[in-house]
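K.L.:
This is a predicted model, with the sequence first.
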Amino acid sequence: KHRERIAQEKLDKIGHASEQSRLSLAEVQAEVQELIQTSKHLPQELEILKSKLAAEKENLMVEEQELEVCQRSTELKRRQLETGHEVYEKNLGLRFERQREGLLVIKMYNIDPQDHSRQFYFTFRVEEDNLYNVCEC
């Protein structure tokens, strides 16, 4: 009887382990089926993502080209303004300087025939209603 009971206990343990293994196997098989279904869609998703990436690269290239054109244009304008500023200062004796709070100072040379380096200036501000307000002479 003792052997039968031990054998029965072992048989119950084996049966329980077998049931657990069967449940685990069913779970694994379900996961495998789910992975198979997912893997069927992955190539399509990969192609979609590749085409989106290619489109984004193309957009980036266009944006970079537009930025380069804008930067060249801005640099050209800056050089033209500097050149114009130099012409005013060299030939006409005029110099424009921005000051704090929207003030503009215009300095003038070559006015006094006795002293061409003598400086004259006035400071003004353009008000909101487009009127010029002379602040200092």
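P.N.:
Good, I have the coordinates. Residues are numbered from 1 along each chain as shown.
K.L.:
and residue 98, how many neighbours?
P.N.:
Neighbourhood size, residue 98 [other CB atoms under 10 Å]: 8. Heads up, the C-betas are built off the backbone N, CA and C, glycines and all.
K.L.:
Quick one: residues in contact with stretch 88-100.
P.N.:
85, 104-111, 116, 123 (CB atoms under 8 Å, 6 or more residues apart in numbering).
K.L.:
Kindly check the end-to-end length of that stretch for me.
P.N.:
Distance across stretch 88-100, first residue to last, is 22 Å (CA to CA, to the nearest Å).
K.L.:
I'd like the average pLDDT over stretch 89-103.
P.N.:
For stretch 89-103, the mean pLDDT works out to 79.
K.L.:
which parts of it are buried?
P.N.:
residue 93 (16 or more other CB atoms under 10 Å).
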